[in-house]
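S.K.: Output the structure for:
(chains A and B)
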Amino acid sequence: MHAKNYVQDLLQEALGQEDLTWPDKATVEPPREEEHGDMASNAALVLASSLGRKPRDLAESLREKIAGDKYLERVEVAGPGFLNFFLKPGFWHLVLSDVFEQGESFGASDAGGGEHVLVEYVSANPTGPLHIGHGRGAAVGDSLARILRFTGHEVTTEYYVNDSGRQIQLLGQSILLRYQELLGQRTDPLPRECYQGEYIRDLARELWELRGEALLDAKEETAESQCANFGLRRMLEQIQADLREFGAGHDIWYRESGLTHGDKIGQTFDYLKERNLVYESDGALWFASSQYGDDKDRVLRKSDGELTYFAADVAYHADKFQRGYERLINVWGADHHGYAPRMNAAVRALGRSQEDLRLLLVQLVNLVRQGQYVSMSTRAGEFVTLADVCNEVGTDAARFIFLSHKSDSHLDFDLDLVKKQSMDNPVYYVQYAHARICSVFKKARDRDYPVQELETTPLQSLEANEELDLLRRLHRFPDMLQGAARTLSPHHLSFYLRDLAGAFHSYYNKYPVLIPEKDKTELCRARLALLSGIAQVLQNGLSLLGVRAPEMM
RNA sequence: GCGCCAGUAGCUCAGUAGGAUAGAGCAACGGCCUUCUAAGCCGUAGGCCGGAGGUUCAAGUCCUCCCUGGCGCGCCA
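M.R.: Residues are numbered from 1 along each chain as shown, chains lettered A, B, ... in the order given. Below is the predicted model of the structure:
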């Protein structure tokens, strides 16, 4: 039974008796202040002004019609005309049955209505290892996909692999130059535009072990492209391994090169031409993105005949829609936000609604060590990789930090802080709550407490404020997830879990669960049931964040 | 110059479709382990929600202007 629906149904019935209908702007929601009850509604406030009635009078009239319901302790009219609903403990006990019944799917819903959603995330150029900023995108994208799946969306995750073009050519060139250097054929520093990282030397060495000196004799163009292919394959393998290690697996690795093979780009051009959205000017082919709110029109094919990155991207998104996805979510580094207007324009030019593409901009991450920013640049080869960070602080800690921040706010990732096992890093706080509950159960079994069939145990004895508060929190879990899904905000889940863990720790310190007295068996069993429910929700929540729920710490 | 994002306690951040007296954690100070894990708990203190107008019964939240910081503004990718 759902508290919000339950209260809203009561209210709606009362409104019906007054020949009124539920106004759009009216809400039923848990109030911030405990004194304002379990649920509060502004319905009377919203309706009163248009009816020319006093909000408090209307509220009182509704209150009289509702009072006396089975699960209702009382209803109060408060403040300017709010209706505050106080539910009986018995109502909150019901949530535990739901938790036991649904187990690891407690919290799941069909709110998404089976909508087909494609979540594209990371999609870093395979020209170097993933760094910490990609890690943030990976955590957000992966967790968001899990949450959307859990809330009734049909989700596919995808990584767009830029496997052609200038950057890959540069990768090949960089590897070849290092290879020549390795074999004593050159000593000059690499050109500035080349990738300077140490990993390029590793790739060159590996290539030499595989192919010997064969590449020295080959034509430069051939050698370069062989280097590029080799580097691409290796980097992609490494990226895939790093992401797997990080717990973020993509369903599809979509190759940019595939777009040209099937002439998807040409088809997209034709589509836009038919709608008079492209034109030739100064020898280039332009897309009239300014018709859809972009600052200016954008080039699709340059005057030298080369296609732009954007051209491929339009075709790529057209292809996403053609593959049947109803909604696209792109997790981008915030440094790409200037790209958003043209992409939005493209979506509308493709005949889709603006809401069909949702861009989630993830701000970049500053790495901090000993109070100092660690400067990073892929090109210059100065960076700390995602794998390094995970080795140093652990993936659970790293993911939780990423997922504890609103994605569009800047994040200073303090390595020393994240390693600290305290409330500075809430991941341990939440995991500890779970481990503590497991530990209580272990002890309970050791001491032969009745831990069986908790799902049918009577719960009347759960009546302390802390206990009801915990039950209310469990009750809120499904709603919270739907909110996180709607606003694409996995961090809501992190905060929820931290608060739930906090409420539990506090409860744990105040109330003993394993009570020795024989006449308290029922209370003990009820509390064990409560703990079991909390553990389940912690598990479900942590799993959606991609963070482990350890049984002991 | 234009655009996007941010600005909330000393610090790091929440604030969920506008709701009632703005919340956590850290740091500070004072307490709690013979008893289910002290990676924990309890208490004290801390605020002109960047500033100014506006909309509303109601604004941290919506609109306009301004200030500060980050990022982006190419026939680059």
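S.K.: Show me which positions of stretch A:448-455 end up buried.
M.R.: Judged by neighbour count using 16 or more other C-beta atoms under 10 Å, the buried positions of stretch A:448-455 are A:449, A:451, A:454. The C-beta positions use only the backbone N, C-alpha and C, and glycine is treated the same way.
S.K.: Isn't the last one up against residue A:100?
M.R.: Yes - with contact taken as C-beta atoms under 8 Å, residue A:454 and residue A:100 are classed as touching, separated by 7.4 Å.
S.K.: per-domain residue ranges of chain A.
M.R.: With domains defined by automatic domain parsing, chain A comprises A:3-87, A:93-106+A:423-545, A:166-245.
S.K.: possible to save those domains as TSV with distance to residue A:298?
M.R.: What follows is the domains of chain A, written out as TSV (distance: least, C-beta to C-beta, whole Å):
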stretch	distance to residue A:298
domain A:3-87	39
domain A:93-106+A:423-545	26
domain A:166-245	18
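S.K.: What helices and strands are in contact with the helix or strand containing residue A:417?
M.R.: Secondary structure assigned from DSSP states H and E places residue A:417 in helix A:415-419. Secondary-structure packing of helix A:415-419 (3 or more C-beta pairs under 8 Å, 6 or more residues apart in numbering; DSSP states H and E): strand A:365-369, helix A:386-393, helix A:395-402.
S.K.: For the ones you listed, state which one has the densest average packing.
M.R.: Highest mean neighbour count of these: helix A:395-402, a mean of 24 (counted as mean count of other C-beta atoms under 10 Å).
S.K.: model confidence over that helix, on average?
M.R.: Per-residue pLDDT over helix A:395-402 has a mean of 93.
S.K.: who touches it?
M.R.: A:135-136, A:139-140, A:143, A:245-247, A:365, A:389-390, A:411, A:413, A:418-419, A:425-428, A:430-431, A:494, A:545-548 (C-beta atoms under 8 Å, 6 or more residues apart in numbering).
S.K.: Out of the residues you listed, which sit inside helices?
M.R.: A:135-136, A:139-140, A:143, A:245, A:389-390, A:418-419, A:426-428, A:430-431, A:494, A:545 (DSSP state H).
S.K.: out of those residues, who's near RNA strand B?
M.R.: Residues of these in contact with RNA strand B (C-beta under 7 Å from any atom of the strand): A:426, A:428.
S.K.: circling back: RNA strand B: which of the buried residues of stretch A:448-455 is nearest?
M.R.: Of all the buried residues of stretch A:448-455, RNA strand B sits closest to residue A:449, with 9.2 Å by C-beta to the nearest atom of the strand.
S.K.: Now do the residue lying closest to that closest one once chain neighbours are set aside against RNA strand B, distance only.
M.R.: Among residues not flanking residue A:449 along the chain, residue A:514 sits closest, at 6.0 Å (C-beta to C-beta, 6 or more residues apart in numbering). According to C-beta to the nearest atom of the strand, to the nearest Å, residue A:514 and RNA strand B sit 4 Å apart.
S.K.: now residue A:370
M.R.: For residue A:370, the distance to RNA strand B - C-beta to the nearest atom of the strand - is 15 Å.
S.K.: who touches that residue in this structure?
M.R.: residue A:416.
S.K.: do residue A:495 as well
M.R.: Contacts of residue A:495 by C-beta under 8 Å, 6+ apart are residue A:404.
S.K.: And the one 10 residues further on, by the same measure?
M.R.: Applying C-beta under 8 Å, 6+ apart, we find residue A:505 in contact with A:429, A:432-433, A:436.
S.K.: so which of those is the most crowded?
M.R.: residue A:433 (24 neighbours; other C-beta atoms under 10 Å).
S.K.: Not including adjacent chain positions, what is the nearest residue to that one?
M.R.: Of all residues not flanking residue A:433 in the chain, residue A:501 sits nearest, at 3.8 Å (C-beta to C-beta, 6+ apart).
S.K.: can you count the residues close to that neighbour?
M.R.: 22.
S.K.: With residue A:509 instead?
M.R.: 8.
S.K.: Check the one 3 residues further on too.
M.R.: When counting by other C-beta under 10 Å, one arrives at 13 neighbours for residue A:512.
S.K.: Need the contact partners of the helix or strand encompassing residue A:438.
M.R.: Assessed by DSSP H and E, residue A:438 sits inside helix A:426-446. The set of residues external to helix A:426-446 that reach it, using C-beta under 8 Å, 6+ apart, is A:396-397, A:399-401, A:404, A:421-423, A:451, A:494, A:497-498, A:500-502, A:504-505, A:508, A:513-514, A:528, A:531-532, A:534-535, A:538-539, A:542, A:547-553.
S.K.: ok, now with 6 Å
M.R.: Residues outside helix A:426-446 that contact it (C-beta atoms under 6 Å, 6 or more residues apart in numbering): A:396-397, A:400, A:421, A:423, A:451, A:497-498, A:501, A:504, A:513-514, A:531, A:535, A:538, A:549-553.
S.K.: what's the answer for stretch A:259-272, then?
M.R.: Residues contacting stretch A:259-272 (C-beta under 6 Å, 6+ apart): A:278, A:311-312, A:314-315, A:318-319.
S.K.: want to try a markdown table for those, with distance to residue A:329 as columns?
M.R.: Supplementary listing: these in a markdown table, determined by distance: C-beta to C-beta, whole Å:
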| residue | distance to residue A:329 |
| --- | --- |
| A:278 | 27 |
| A:311 | 22 |
| A:312 | 19 |
| A:314 | 18 |
| A:315 | 19 |
| A:318 | 17 |
| A:319 | 16 |
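S.K.: export these to JSON lines and tack on distance to residue A:151 and pLDDT?
M.R.: Shown next, in JSON lines, are those (distance: C-beta to C-beta, whole Å; pLDDT from 0 to 100):
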{"residue": "A:278", "distance to residue A:151": "39", "pLDDT": "95"}
{"residue": "A:311", "distance to residue A:151": "35", "pLDDT": "95"}
{"residue": "A:312", "distance to residue A:151": "32", "pLDDT": "94"}
{"residue": "A:314", "distance to residue A:151": "30", "pLDDT": "96"}
{"residue": "A:315", "distance to residue A:151": "31", "pLDDT": "96"}
{"residue": "A:318", "distance to residue A:151": "27", "pLDDT": "96"}
{"residue": "A:319", "distance to residue A:151": "26", "pLDDT": "96"}
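S.K.: I am finished for the moment; much appreciated.
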